[in-house]
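Q: let me see the structure of the following:
(one chain, ligands or ions: 1)
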Amino acid sequence: MDFAVSDKMKTIVGMINEFVDKELIPLEHEFLTRDFTEMEPVLEEKRRMVKQMELWAPNQDKEYGGLGLNLVEHGLVSEALGRTPLGHYVFNCQAPDAGNMEILHKYGTEEQKEKYLRPLIEGKIRSCFSMTEVEMPGSNPVMMETTAVKDGDDYVINGQKWYSTAADGAHFTICMAVTNPDAPPHQRASMIIVPTGTPGFNLVRNIPVMGHAGRGYSSHGEVLFQSCRVPQSNLLGPEGHGFAIAQERLGPGRIHHCMRWIGVCNRAFELMCRRANARVINPDGRTLARQQLIQAMVAESAAEIQAAKLMTLHAAWRIDNLGQKAARVDISLIKFFVANVMQNVVDRALQVHGGLGMTDDTILAYFYRHERAARIYDGADEVHKINAGKRILREYEPKN
Ligand SMILES: Cc1cc2nc3c(=O)[nH]c(=O)nc-3n(C[C@H](O)[C@H](O)[C@H](O)COP(=O)(O)OP(=O)(O)OC[C@H]3O[C@@H](n4cnc5c(N)ncnc54)[C@H](O)[C@@H]3O)c2cc1C
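A: Numbering: from 1, shown residues only. Coordinates of the predicted model:
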């Protein structure tokens, strides 16, 4: 495989880095001190600029107004955008919309594509994804309690979900619900599109996460479905295929996340190195950068970031060239490895900043709070280690 970056991608990544530095990083103070919804007008303006630069929706098909990048290419974009928490949103490739776009693209009917996918890609609406339940383990989602029962031409949905990221202000959710309770466990659930204006769709609250409930896109909702009635034509993909589609959604999604986390690492690393060089800790003018313990933190971080990036690009390359099934172990390995690298690098950067690192005067405390979840969502560390370990060990089983 060849990881040489093409001229096209060098240009795109260069433009994105410049845009992030000039247009988005200066907005971070406002982002940290105000509600997301209050920032929407200024972010809309930035979104217009991105469209004019023809960098909008980088991983979506050209037919829908995207850039049509493959997974490795979009990984490089995701890395550049991950340097700021505003990056993916402003380029319209943010979770959970990006994953929803992918499955609507692949499984949506023509009507669903026109009604939900097109306006989503155009950035006119937002969406969310409601799979995890309050009372049931997200790590074993076959234990799902939410049901969708057929009644006439409709499904009637009942259940309690939480961590529906960005439910506040979303136009629709893709809800996972049990439609076929008597089928084998992995064929019981289906994905159903539920417009959030439907009676019986209730956003109970934005869950406080690490001290912040957030608003709008920057929030995680608890959602109660109470006799929520939608037409059966809102079924996304075949009935009973919910888990299979969810797996498909998560494969490329994990590449996007991992590359975004490497962007987070890069930013934390830049801040750490600048601070180490600037902070004088001795009357003779010696800086933190002269201390060997700090030099070790820099070297360890540089090695970990490089390893994480190469592993992730390798996994993306395998998905692009061999398909998602062949890359299952690679995907599990990067999911826990890169999440932990990010946590280590952000922690070291925060440590080097001392008390300043704990404040919201830099972006580090935000990363520290919000990115801790990386080791939990889209499969907790333990679940990926178990899956990868089991598959690897199978290859070494004695063959008779
Ligand atoms: C910030 C954030 C955003 C999210 N966004 C969404 C979203 O948009 N839509 C959505 O549907 N969900 C979302 N989630 C939910 C997420 O997918 C779940 O939290 C995750 O699947 C874990 O499920 P759980 O919280 O029920 O933990 P549990 O399943 O109860 O697991 C708890 C812990 O147990 C350990 N564990 C689990 N299984 C095993 C095992 N087999 N062996 C050893 N240890 C194990 C792990 O350490 C795990 O963290 C989000 C979560 C967070 C934190």
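Q: distance from the centroid: which residue in the protein tops it?
A: Asp284 (45.9 Å; CA atoms, centre = their mean).
Q: what is the three-state secondary structure of that one?
A: coil (DSSP: H, G, I helix; E, B strand; the rest coil).
Q: now Gln247: how far from the ligand?
A: According to CB to the nearest ligand atom, to the nearest Å, Gln247 and the ligand sit 13 Å apart. Glycine gets a C-beta too; all of them are placed from N, C-alpha and C.
Q: in what element of secondary structure is Ala365 found?
A: helix 364-370 (DSSP states H and E).
Q: for the residue nearest to Ala374 when sequence neighbours are not counted, which residues are in contact?
A: Spatially, and ignoring its direct neighbours in sequence, Ala374 is nearest to Ala339 (3.9 Å; CB to CB, 6 or more residues apart in numbering). Under the criterion of CB atoms under 8 Å, 6 or more residues apart in numbering, the neighbours of Ala339 are Cys258, Trp261, Ala374, Arg375, Asp381.
Q: just want the residue of the chain that's nearest the ligand.
A: Gly138 (2.3 Å; CB to the nearest ligand atom).
Q: nearest residue to that residue in space, please, no chain neighbours.
A: Thr132 (4.1 Å).
Q: tally of neighbours for the one you found?
A: By the other CB atoms under 10 Å criterion, the neighbourhood of Thr132 contains 19 residues.
Q: A strand includes His192, no?
A: Careful, residue 192 is Ile; it's not His. Yes: under three-state DSSP, Ile192 sits within a strand.
Q: for it, give me its contacts.
A: Counted by CB under 8 Å, 6+ apart, Ile192 has contacts Ala148, Tyr155, Ile157, Ile174, Cys175, Met176, Ala177, Thr179, Val230, Asn234, Leu235, Leu236.
Q: circling back: so which of the contacts of Ala339 wins on neighbours?
A: Going by other CB under 10 Å, Cys258 tops the contacts of Ala339 with 31 neighbours.
Q: what comes up buried for stretch 334-352?
A: Neighbour-count burial for stretch 334-352 flags 334-350, 352 (criterion: 16 or more other CB atoms under 10 Å).
Q: please see if it touches the ligand.
A: No: counting by CB under 6 Å from any ligand atom, the ligand has no neighbours in stretch 334-352; the shortest distance is 10.4 Å.
Q: other SSEs contacting the helix holding Ala365?
A: Where contact means 3 or more CB pairs under 8 Å, 6 or more residues apart in numbering; DSSP states H and E, helix 364-370 is packed against helix 242-278, helix 328-353, helix 355-358.
Q: let's go with 6 Å and repeat that
A: Other elements packing on helix 364-370 under the criterion 3 or more CB pairs under 6 Å, 6 or more residues apart in numbering; DSSP states H and E are helix 328-353.
Q: pLDDT (mean, whole number) over the helix it packs on?
A: On average, the pLDDT along helix 328-353 is 97.
Q: ok, stretch 286-300 next?
A: 98.
Q: contacts for it?
A: Contact partners of stretch 286-300, identified using CB atoms under 6 Å, 6 or more residues apart in numbering, comprise Ala276, Asn277, Arg279, Val280, Ile281, Arg348.
Q: SS state for the residue nearest to Leu117 when sequence neighbours are not counted?
A: Leaving aside its sequence neighbours, Leu117 sits nearest to Leu104 (CB to CB, 6+ apart; 4.2 Å). Recorded secondary structure, Leu104: helix (three-state DSSP).
Q: ok, now Pro199?
A: coil.
Q: quickly note the distance from it to Phe225.
A: Pro199 sits 11 Å away from Phe225, going by CB to CB, to the nearest Å.
Q: any idea of the mean pLDDT for the helix holding Ala365?
A: Here the average pLDDT along helix 364-370 is 97.
Q: how about residues contacting it?
A: Leu32, Met210, Val264, Val346, Ala349, Leu350, Gly357, Met358.
Q: ok, 7 Å please
A: 32, 85, 210, 264, 268, 271, 346, 349-350, 353, 357-360 (CB atoms under 7 Å, 6 or more residues apart in numbering).
Q: excluding chain neighbours, give the residue nearest to Pro252 in space.
A: Nearest non-adjacent residue to Pro252 (CB to CB, 6+ apart): Leu71, at 5.8 Å.
Q: can you report how many residues neighbour the one you found?
A: Around Leu71 there are 23 residues (other CB under 10 Å).
Q: for Gln247, see how far away it is.
A: Taking CB to CB, one finds Leu71 at 16 Å from Gln247.
Q: do the same with Ile16
A: Distance from Ile16 to Gln247, by CB to CB: 29 Å.
Q: over to Ser127?
A: In terms of CB to CB, Ser127 sits 19 Å off from Gln247.
Q: of the two, which one has the most company?
A: Using other CB under 10 Å, the more surrounded residue of Ser127 and Gln247 is Ser127, with 25 against 14.
Q: can you tell me the element the closest residue to the more buried one other than its chain neighbours falls in?
A: For Ser127, ignoring the flanking residues on the chain, the nearest one in space by CB to CB, 6+ apart is Asn100 at 4.8 Å. Using DSSP H and E, Asn100 sits within helix 97-107.
Q: that helix vs helix 242-278, what angle?
A: Interaxial angle, helix 97-107 versus helix 242-278 (axes from the mean of the first three to the mean of the last three CA atoms, to 10 degrees): 150 degrees.
Q: show me what helix 97-107 is packed up against.
A: helix 118-121, strand 127-130, helix 242-278 (3 or more CB pairs under 7 Å, 6 or more residues apart in numbering; DSSP states H and E).
Q: which parts of the helix or strand following the longest one are buried?
A: Using DSSP H and E, the helix or strand that directly follows helix 242-278 along the chain is helix 292-322. Within helix 292-322, the residues scored as buried using 16+ other CB under 10 Å are 294, 297-298, 301, 304-305, 308-309, 311-320.
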